[in-house]
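Student: no letters, just coordinates:
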């Protein structure tokens, strides 16, 4: 693949898949296969809604090195040969990241989400070497995860431009770095796809962005697929109005439960509320209480989502 081909992978509303576990907190691959088939039937896995496996909101960091390949293989097989599947890799050193990237490519991923080597105290020069070395070792697309909140430096706009020769670096998951303005993405949006990760998909699209990350799309795909249609039609006021309904209703509930235990709980809570259980989260994150699920169902019904009775 060249960069033009790789950029086609990272666009639309990217679906962060929850990872199902059974009652013993073991990986539930049959359930993942069933859920993947359901997601594909409801429009996910397409070129405007790629499936993202083993990401943070999918409890990817909680998976063992023998588990994430099995999860990826299951999703690829269940989604079918026409589906777009992205695999998120854990932050590691260059050598082991390349090993994981090659493994994911061999298992059928068409793209990768890769964190900077955050635990190495990296510099901007380190970022250029790190992503360039990975790019030259594989033949699928890379989306950089700009994880500045993990106490490592942001991948700067100038660094993105320095990666112009790294052919498989095709996108960046854009959260506004400290000391920068959101609109600084314009400096490199002509060369790399910018995928919003700040709950500002309308602003991102207006600035030349190419999509956004959604963790709730797996519970009700129709909502985010419609938002993307509005964005592509440049019906920004209507898109913002619908987006604001979710932000004003769902976000306060999500923030409340995060104060009790773990941020991934809201994803599985949304699945439970919509009748699509993906099992409990892995410890130390606690499962939601019935009261939390009941409250969420009321919120989703108020948003017009078809909550099962």
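Tutor: Looks like it came in fine. As the structure is a prediction and not an experimental result, all values here were calculated from the model.
Student: contacts only, for the nearest residue to residue 225 once chain neighbours are set aside.
Tutor: The shortest distance from residue 225 to any non-neighbouring residue, by Cβ to Cβ, 6 or more residues apart in numbering, is to residue 43 (5.3 Å). Where C-beta positions appear, they are placed from N, C-alpha and C, glycine not excepted. Applying Cβ atoms under 8 Å, 6 or more residues apart in numbering to residue 43 gives the contacts 49, 221, 222, 225.
Student: and the pLDDT at residue 43?
Tutor: If you check residue 43, the pLDDT there is 97.
Student: next one: the one 5 residues further on
Tutor: Reading off the confidence values, residue 48 has pLDDT 96.
Student: can you give me the neighbour number for it?
Tutor: Number of residues near residue 48 (other Cβ atoms under 10 Å) recorded here: 17.
Student: still on that earlier bit, going through the contacts of residue 43, which ones are buried?
Tutor: The neighbour-count test (16 or more other Cβ atoms under 10 Å) marks 49, 221, 225 as buried among the contacts of residue 43.
Student: nearest to residue 172 among those?
Tutor: residue 49 (19.0 Å; Cβ to Cβ).
Student: you'd agree that closest one is in a helix?
Tutor: No - counting by DSSP: H, G, I helix; E, B strand; the rest coil, residue 49 falls outside a helix, being coil.
Student: any chance of the buried ones among the contacts of residue 43 in JSON lines with distance to residue 7 as columns?
Tutor: As requested, the buried ones among the contacts of residue 43 are exported to JSON lines (distance: Cβ to Cβ, whole Å):
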{"residue": "49", "distance to residue 7": "16"}
{"residue": "221", "distance to residue 7": "23"}
{"residue": "225", "distance to residue 7": "20"}
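Student: tell me which stretches of the stretch 151-300 of the chain form strands.
Tutor: Counting by DSSP state E, counting those that start in this stretch, the segments of the stretch 151-300 of the chain that form strands are 169-174, 193-196, 211-214.
Student: direction included, what does the first one pair against?
Tutor: Using DSSP bridges, the strands paired with strand 169-174 are strand 141-145 (parallel), strand 193-196 (parallel).
Student: could you dump the ones you listed to a markdown table with mean neighbour count?
Tutor: Putting these into a markdown table (neighbours: other Cβ atoms under 10 Å) gives the following:
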| stretch | mean neighbour count |
| --- | --- |
| strand 141-145 | 27 |
| strand 193-196 | 25 |
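Student: to residue 97, which of these lies closest?
Tutor: strand 141-145 (10.4 Å).
Student: rounded mean pLDDT for the closest one, please.
Tutor: In this model, strand 141-145 carries a mean pLDDT of 96.
Student: and stretch 185-199, what's buried?
Tutor: For stretch 185-199, burial by neighbour count (16+ other Cβ under 10 Å) applies to 185, 188, 189, 192, 193, 194, 195, 196, 197.
Student: go on, stretch 164-176?
Tutor: 166, 167, 168, 169, 170, 171, 172, 173, 174, 175, 176.
Student: for those residues, which one is nearest residue 232?
Tutor: Nearest member of these to residue 232, counting by Cβ to Cβ, is residue 171, at 17.1 Å.
Student: let me see the contact set for the closest one.
Tutor: Contact partners of residue 171, counting by Cβ under 8 Å, 6+ apart, are 6-7, 9-10, 141-144, 192-195, 210.
Student: show me the beta-bridge partners of it.
Tutor: residue 143, residue 193.
Student: any idea of the pLDDT on it?
Tutor: At residue 171, pLDDT is 97.
Student: please apply the same query to residue 255.
Tutor: 88.
Student: and if you look at residue 178?
Tutor: In this prediction residue 178 is given a pLDDT of 65.
Student: ok, residue 153 next?
Tutor: Confidence for residue 153, expressed as pLDDT, is 80.
Student: show me the helices in this structure, by range?
Tutor: Assigned by DSSP state H, the chain shows helices spanning 3-7, 29-41, 67-79, 94-106, 124-135, 157-162, 201-206, 221-232, 236-258, 265-273, 290-302.
Student: okay, the ones you listed, which one's buried deepest?
Tutor: With neighbours taken as mean count of other Cβ atoms under 10 Å, the helices of the chain reach their highest mean count in helix 265-273, at a mean of 24.
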